[in-house]
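In: Turn this into a model:
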Amino acid sequence: MPDLYERLGIDEAGAIGILTLSPYETSIIAADIATKVADVEIGFLDRFTGSVLLTGDIASVETALRAIIETLGSSLGFATAEITRT
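Out: Modelled structure (predicted):
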């Protein structure tokens, strides 16, 4: 879906992972976790709105999202949501 990538202003990739986090500063922690555990790129990060967009192959994006949720939930005590796919 090249049109979607163009509208988001990111390079074409196999998968896109989107996070909205609160407090907003958590977006920086999430991006750090993601890049350490999987071969993903940070397509967008906004520490003022808590938005993070990850790109990469499907397995890498899913690995990164699972690691973020696990770390935020078990290590930091955050309430987390399930990963959904569309």
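
In: If we ignore the residues flanking it in sequence, what's nearest I58?
Out: Distances taken as C-beta to C-beta, 6 or more residues apart in numbering place A15 nearest to I58, at 4.4 Å, with adjacent residues excluded. Placement of C-beta: from N, CA and C, glycine included.

In: actually D46, not the one I wrote
Out: S27 (6.7 Å).

In: Tell me how many other residues crowd the one you found.
Out: With neighbours defined by other C-beta atoms under 10 Å, the count for S27 comes to 23.

In: Would you confirm that it belongs to a helix?
Out: Yes. The assignment for S27, made by DSSP: H, G, I helix; E, B strand; the rest coil, places it in a helix.

In: gap between it and A59?
Out: Counting by C-beta to C-beta, to the nearest Å, the gap from S27 to A59 is 23 Å.

In: do the same with I33
Out: On the measure of C-beta to C-beta, I33 and A59 end up 16 Å apart.

In: ok, back up a step: could I get the contacting residues of the residue nearest to I58?
Out: A15 makes contact with 55-58, 60-62 under the criterion C-beta atoms under 8 Å, 6 or more residues apart in numbering.

In: what pLDDT does it get?
Out: pLDDT for A15: 87.

In: tell me the strands in this structure, going along the chain?
Out: Applying DSSP state E to the chain gives strands spanning 15-20, 41-46, 51-56.
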